[in-house]
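Asker: Sharing a model that was predicted from the sequence below.
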Amino acid sequence: MIILHVATAVFIVGPMAIIPMTGLRALRSGNAAQVHALAKSTAIFSWLSLLTFVLGFGVMGMADPKYGLTFATPWILWSVIAYVVAFVLSAFVVVPQMNKAADAADGAAEGAKPAGYGAIAGSSGIAALLLLVVVVLMVWKP
């Protein structure tokens, strides 16, 4: 169960955090089709990341009772909060903004930053930092 949790974190949550950065590059070059494709990929990986979330609770439920892990264990609670905020930002801010910016990029000059660029950069950056916080808490377990 731990292996599945870690593997999905690496191969699903990792791309969820990184793909929007590639989308920003495609947006700067005016490649609207690529931005749409990357927005779709970000949406897919964001929703698939819920699998990692569920597997994490499976790992917690299978943990030795001597550790006393519950949803209220501080590092687990803070990890859940950080993940949920990152998920919401990615699925409900980054993806729609990428699609909107791609639509606007169709008529924009190359190198110009279309409307929504800042929202994508800021939201995806915050989401990536929150996911990093989750990794630190999962390893450190304060």
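Answerer: Nice, thanks for sending it over.

Asker: quick one: buried residues of the helix-or-strand element of the chain with minimal mean pLDDT?
Answerer: Scoring the helices and strands of the chain by mean pLDDT, DSSP states H and E places helix 95-105 at the bottom, with a mean of 93. In terms of neighbour count (16 or more other Cβ atoms under 10 Å), helix 95-105 has its buried residues at 95, 97, 98, 99, 100, 101, 102, 104, 105. Bear in mind the C-beta positions are built from the backbone N, C-alpha and C, glycine included.

Asker: my read: the last one touches residue 27, true?
Answerer: The reference is to residue 105. Yes. Taking contacts as Cβ atoms under 8 Å, residue 105 lies within contact range of residue 27: 5.9 Å.

Asker: residues shared between the contacts of those two?
Answerer: Contact criterion Cβ atoms under 8 Å, 6 or more residues apart in numbering; residues shared by residue 105 and residue 27: 35, 114.

Asker: Point out where this protein drops to low pLDDT.
Answerer: Residues of the chain meeting the criterion pLDDT under 70: 107-113.

Asker: report the longest helix in it, please.
Answerer: Identified as the longest helix of the chain according to DSSP state H is helix 32-62.

Asker: Show me what that one is packed up against.
Answerer: Helices and strands touching helix 32-62, by 3 or more Cβ pairs under 8 Å, 6 or more residues apart in numbering; DSSP states H and E, are helix 2-8, helix 14-28, helix 74-89, helix 95-105.

Asker: Need the winner for burial among these.
Answerer: helix 95-105 (a mean of 22; mean count of other Cβ atoms under 10 Å).

Asker: Export it to CSV, keeping only CA atoms.
Answerer: The C-alpha coordinates for helix 95-105 follow below in CSV (Å, rounded to 0.1, in the frame of the first residue of the first chain):
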residue,chain,number,x,y,z
VAL,A,95,-7.0,24.6,-15.6
PRO,A,96,-9.8,27.1,-16.4
GLN,A,97,-7.3,29.9,-16.6
MET,A,98,-5.1,27.9,-19.0
ASN,A,99,-8.0,27.3,-21.3
LYS,A,100,-9.1,30.9,-21.2
ALA,A,101,-5.5,32.1,-21.9
ALA,A,102,-5.2,29.6,-24.7
ASP,A,103,-8.3,31.0,-26.3
ALA,A,104,-6.9,34.5,-25.9
ALA,A,105,-3.5,33.4,-27.3
